[in-house]
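# Requesting a structural model of the entry that follows:
(chains A and B)
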Amino acid sequence: MLKIRKISKTFNPGTVNEKKAITNLNLTVQDGDFITIVGSNGAGKSTLFNAISGSFFVDEGSIDLDDEDITFVPEHKRSQYIGRLFQDPLMGTAPNMTIEENLSVAYLRASRNKIIFSRVSRKERELFREKLALLGMGLEDRMKNPVGLLSGGQRQALTLLMATLVTPKILLLDEHTAALDPATADKVLELTKSIVKENNLTCLMVTHNMHQALELGNRTLMMDKGNIVLDVRDQERSGMTVDDLLENFAKVSGKNLDNDRILLSGNE
Amino acid sequence: MEGFITVGIVQTALELGMIYGLVALSLFISFKILNICDLSTDGCYTLGCAVSAIVTLAGHPILAIFAAIAAGVLSGFVTAILQTKFGVESILAGIIVNTGLYSINLAVMGFKSNVAVFGTDTLFSLVKGLIPGAFWAEWYKLITVTVIVLIACFLIWWFLGTRLGLSIRATGDSPAMVRASSINTGFTIVVGMCVANAFTGLAGALTAQYDKSVDITRGTGMVTVALASVIIGSIFYNKGNMLKKIIFVVIGSCIYRFIVSLALRLNVPTEFFKLVSALIVAVAIAAPSAKKMLKLKGQKRKARKNRLALANGIGEEDSTAANEKED
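Numbers count the residues shown, from 1 in each chain, chains lettered A, B, ... in the order given. Below you'll find the predicted structure:
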């Protein structure tokens, strides 16, 4: 269970560029929740993810994961149990290293107790092969190829695999299909769904696609000006249409959603 | 032209190429793998020389080599800690350490600007005594340094394949991914820099015993020479197999030494060697950009030509059509 209590984060405090990215935000995520998050540009979605994953420490408030206070745990330690995917498919993998080597690095999370001078074992290689085969992209036969040769979609699928290779307590997906072409995006999304379902992962996903936001998962959050302005789940959510969502947003935030991409995808 | 390239020249070039190849290997780790330009190399190399010379003079030529390696590790540790813990720019950290090392090196050498290693055994004299015979007496130096460099290559290759080595490679290749994989980049950078500078120290240790003398300016420009070697090596082999990449770094260093010996034979004054190595590095790094510029220029010229031809063509057609109408 992830418990976020009254966190705030201000960038460049005391300067003309001061930006209150998140103010007094509360959020409790139950185990097994699949939460979609929507909101306009600058609403604080990515900042929330950065706060959870520890890219920076919050100014105020606390973050607990499974009753352990992680507010000041550094990012690399949190990543032992928090998996994350970015919008940019190039960010999650090392281009000059082979697929196998990339997976080995990701698998370090599970092999902390092993000697740092040990090499990747045959058993581990077999495991990587099996997992790669599940992606259905033929990557299992290209394990000695550098990742730089893969397409964006393949790289994102690989990143997804790497983030979930060791089952994380929480998976953060930050518009991870937004930079892919529609067909590839669908494929990666399908993979995401099946991996989340199979491992019963707790998952937070930022999306700009309103249909997707209502369709996927069991709970939808809407963010505005650094806070959560709408939180719908289960039954209340299942009856909702995209228009309801937009209307609700206008009501609670006193303005229309100003994200072009959201509007475009909302009118699909 | 007969005897332009003698066996002696080839031999010396190979010997020096191997020793300097160790510095190139060090730069390969810091520059190519960790993506950090380590400018402390000059000072660290001289430190290796100085420590090795002093310990050898004390009568321990083998211990001298390990002492120089330890000194290199220490120097790399300081450079890395400045970057990772105290947020000093990597280039600046190297320059700071390099400056500090100048005094330290002088201190190690007993506040003299040069030290001669005479009247004592060196690693090479010990090895020479192992096997009698003219052949051995001729080639023992080259064989010794080659064996050491091959062991170094193998160790680096082995190390980069371990879990720790993979983490270090990933640190230079994709920092975001490394943080997501629960690896502390501060730690991997420190380890990587220590390993890299260990080889610089080793190169210094061998140089001191090979030259039988050390000068405080011995390391000046070493970082450029080593970079030139790394770049020359990567021209011939730059993808795939890590072991081959490592070996081509050493080959690059030998090729650089051949270029230098050729220049010597052509009576290029020794004062110009640093300029030559600077040119090699500058040209090699600038080559891709220059190629792009030339290509764009060609493209522009072609486009202009096409447009001109098109304009002329249409113009002619138009005028002929108009003429026909008038007729």
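# rest of the way, CA atoms for contacts and neighbours
Noted.
# Show me what the helix ranked longest in chain B is packed against.
Scanning chain B for the helix with the most residues, using DSSP state H, yields helix B:273-326. Counting contacts by 3 or more CA pairs under 8 Å, 6 or more residues apart in numbering or on different chains; DSSP states H and E, helix B:273-326 packs against helix B:222-236.
# Name the residues of the helix it packs on that are buried.
B:222-234 (16 or more other CA atoms under 10 Å in any protein chain shown).
# re the thing from before, let me know the average pLDDT across the longest helix of chain B.
For helix B:273-326, the mean pLDDT works out to 77.
# How about stretch A:68-82?
The model assigns stretch A:68-82 a mean pLDDT of 90.
# That stretch: which residues count as buried?
A:70, A:71, A:74, A:75, A:76, A:77, A:78, A:79, A:80, A:81, A:82.
# Let me have those in a markdown table, adding secondary structure as columns.
A markdown table is the format used below for the buried residues of stretch A:68-82 (DSSP: H, G, I helix; E, B strand; the rest coil):
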| residue | secondary structure |
| --- | --- |
| A:70 | coil |
| A:71 | coil |
| A:74 | coil |
| A:75 | helix |
| A:76 | helix |
| A:77 | helix |
| A:78 | helix |
| A:79 | coil |
| A:80 | coil |
| A:81 | coil |
| A:82 | strand |
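# okay, now the domains of chain B?
B:7-268, B:285-327 (automatic domain parsing).
# What of chain A?
A:2-81+A:169-266, A:94-167.
# Dump those into a markdown table; add distance to residue B:277 as well.
Listed next are the domains of chain A as a markdown table, based on distance: least, CA to CA, whole Å:
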| stretch | distance to residue B:277 |
| --- | --- |
| domain A:2-81+A:169-266 | 41 |
| domain A:94-167 | 28 |
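# how about the ones you listed, which one is nearest residue B:301?
domain A:94-167 (32.7 Å; CA to CA).
# what about the closest one, distance to the chain center?
19 Å (CA atoms, centre = their mean, to the nearest Å).
# Show me which residues of chain A sit near chain B.
Chain A comes close to chain B at residues A:75-80, A:83-84, A:91-97, A:101-102, A:104-109, A:116-120, A:146, A:163, as judged by CA under 8 Å from any CA of the partner chain.
# Can you turn the buried part of those residues into a PyMOL selection?
Applying 16+ other CA under 10 Å to those, the buried members can be selected in PyMOL as follows:
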select buried, chain A and resi 75+76+77+78+79+80+83+84+91+92+93+94+95+96+97+101+102+104+105+106+107+108+109+116+119+120+146+163
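# quick one: which of the residues of chain A next to chain B sit in strands?
Here DSSP state E is the test, and the residues of chain A next to chain B give A:83, A:84 as lying in strands.
# circling back: would a markdown table of the domains of chain B with distance to residue A:228 be doable?
Supplementary listing: the domains of chain B in a markdown table, determined by distance: least, CA to CA, whole Å:
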| stretch | distance to residue A:228 |
| --- | --- |
| domain B:7-268 | 26 |
| domain B:285-327 | 48 |
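# Just the closest of the buried residues of stretch A:68-82 to residue B:179, please.
Residue B:179 lies nearest to residue A:76 out of the buried residues of stretch A:68-82, by CA to CA, at 4.9 Å.
# So which of the buried residues of helix B:222-236 is the closest to residue B:24?
Relative to residue B:24, the closest of the buried residues of helix B:222-236 is residue B:226; by CA to CA it sits at 4.4 Å.
# correct me, but that closest one touches residue B:17?
No: using CA atoms under 8 Å, residue B:226 is not in contact with residue B:17, being 10.2 Å away.
# Let me have the buried residues of helix B:222-236 in JSON lines, adding pLDDT as columns.
Shown next, in JSON lines, are the buried residues of helix B:222-236 (pLDDT from 0 to 100):
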{"residue": "B:222", "pLDDT": "91"}
{"residue": "B:223", "pLDDT": "92"}
{"residue": "B:224", "pLDDT": "90"}
{"residue": "B:225", "pLDDT": "89"}
{"residue": "B:226", "pLDDT": "92"}
{"residue": "B:227", "pLDDT": "90"}
{"residue": "B:228", "pLDDT": "88"}
{"residue": "B:229", "pLDDT": "90"}
{"residue": "B:230", "pLDDT": "91"}
{"residue": "B:231", "pLDDT": "88"}
{"residue": "B:232", "pLDDT": "87"}
{"residue": "B:233", "pLDDT": "89"}
{"residue": "B:234", "pLDDT": "87"}
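# what's around residue B:295, how many residues?
12 (other CA atoms under 10 Å in any protein chain shown).
# wait, I meant residue A:176
Residue A:176 has 26 nearby residues by other CA under 10 Å.
# Show the pLDDT at it.
Residue A:176 carries a pLDDT value of 90.
# now do residue B:14
Confidence score, pLDDT, at residue B:14: 94.
# Count the residues that sit near it.
Residue B:14 has 24 nearby residues by other CA under 10 Å.
# just the one 3 residues further on next, same as before
Here the count is done by other CA under 10 Å, and residue B:17 has 26 residues near it.
# what's near enough to touch whatever residue of the stretch 201-327 of chain B ends up closest to chain A?
Nearest to chain A in the stretch 201-327 of chain B, going by CA to the nearest CA, is residue B:240, at a distance of 7.8 Å. Applying CA atoms under 8 Å, 6 or more residues apart in numbering or on different chains, we find residue B:240 in contact with residue A:146.
# how about it, phi and psi?
phi 80, psi -140 (degrees, to the nearest 10).
# Packing partners of the one helix or strand residue B:158 maps to?
Applying DSSP states H and E as the criterion places residue B:158 in helix B:134-161. Applying 3+ CA pairs under 8 Å, 6+ apart, one finds that helix B:134-161 contacts helix B:7-27, helix B:123-128, helix B:163-173, helix B:242-265.
# Name the residues that touch the first one?
Spelled out, it's helix B:7-27. B:37-38, B:45, B:141-142, B:145-146, B:149, B:152-153, B:195-200, B:202-203, B:206-207, B:223, B:226-227, B:229-230, B:246, B:249-258, B:261.
# Does residue A:233 have any beta-bridge partners, and if so which?
Listed by DSSP bridges, the beta-bridge partners for residue A:233 are residue A:219.
# That one is in contact with residue A:215, isn't it?
No: Residue A:233 is beyond contact range of residue A:215, at 11.5 Å (criterion: CA under 8 Å).
# who touches both of residue B:226 and residue B:17?
residue B:253.
# so which of the domains of chain B comes closest to residue A:62?
It's domain B:7-268; of the domains of chain B, that one is closest to residue A:62 (CA to CA) at 21.2 Å.
# now do the same end-to-end measure for that closest one.
End-to-end span of domain B:7-268 (CA to CA, to the nearest Å): 20 Å.
# ok now that domain, how far from the chain's centre?
On CA atoms, centre = their mean, the centre of domain B:7-268 falls 8 Å from the chain's centre.
# And stretch A:235-250, by the same measure?
With CA atoms, centre = their mean, you get 23 Å for stretch A:235-250.
# So which residues on the stretch 101-250 of chain B come close to chain A?
Residues of the stretch 101-250 of chain B lying near chain A (CA under 8 Å from any CA): B:159, B:161-167, B:169-170, B:173-174, B:176-184, B:240.
# repeat that with 6 Å
Within reach of chain A by CA under 6 Å from any CA of the partner chain, the stretch 101-250 of chain B has these residues: B:162, B:163, B:164, B:173, B:174, B:177, B:179, B:180, B:181, B:182, B:183, B:184.
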